[in-house]
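Asker: 3D model of this:
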Amino acid sequence: MKTLLERLLSGNREKETRDFSADFIRNRKGILKALEASKENGSVVGVYSRAFGDGMFLVAVESIDNSGKEAVICFHRYDMSGHVLSRNELDISDIKMILPFRNILKSNVLTSTGTSLAAT
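Answerer: Residues are numbered from 1 along each chain as shown. Alright, predicted model coming up:
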């Protein structure tokens, strides 16, 4: 059985797990840019936020609202493992750091039906 890291890297066949380098983004401008890229192409981002709980949550961005004082990020309701998020809207200031991936978000629960979360 593949680990989560191996599954994420499987989209890039020429890269092996031992060659993995994590480029965490911690500044607000960089975080917003990576979240906008996730919104555009449906790719996964690992999000560290106390509002989600402990650890990194693998999610994709549904929308970004820049109309207020700070950006509000709306994530898909499900994370990559198919679990429903406790909340799916966060202020950009609630996000401590992210790790962008190239993979498209697909829930394990929905994969058997061929449904992508980007389409829901």
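Asker: Quick one: end-to-end distance for stretch 75-93.
Answerer: End-to-end distance for stretch 75-93, by CA to CA, to the nearest Å: 15 Å.
Asker: For that stretch, buried residues please.
Answerer: For stretch 75-93, burial by neighbour count (16 or more other CB atoms under 10 Å) applies to 75, 76, 78, 79, 80, 85, 88, 90, 92. C-betas here are computed from N, CA, C, even on glycine.
Asker: hang on, isn't the first one packed against residue 85?
Answerer: Yes: the pair residue 75 / residue 85 is scored as a contact, 6.4 Å apart, by CB atoms under 8 Å.
Asker: Output the contacting helices and strands for the longest strand anywhere in the chain.
Answerer: Longest strand in the chain, counting residues (DSSP state E): strand 97-104. When contacts are defined as 3 or more CB pairs under 8 Å, 6 or more residues apart in numbering; DSSP states H and E, strand 97-104 packs onto helix 28-41, strand 43-48.
Asker: And those: which comes nearest residue 104?
Answerer: strand 43-48 (6.1 Å; CB to CB).
Asker: Extract the C-alpha trace of that closest one and format it as CSV.
Answerer: What follows is strand 43-48, C-alpha atoms only, in CSV (Å, rounded to 0.1, in the frame of the first residue of the first chain):
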residue,chain,number,x,y,z
SER,A,43,-4.5,21.3,-7.5
VAL,A,44,-3.9,20.2,-3.9
VAL,A,45,-2.4,22.4,-1.3
GLY,A,46,-1.3,21.2,2.2
VAL,A,47,-2.7,23.8,4.6
TYR,A,48,-1.5,24.4,8.2
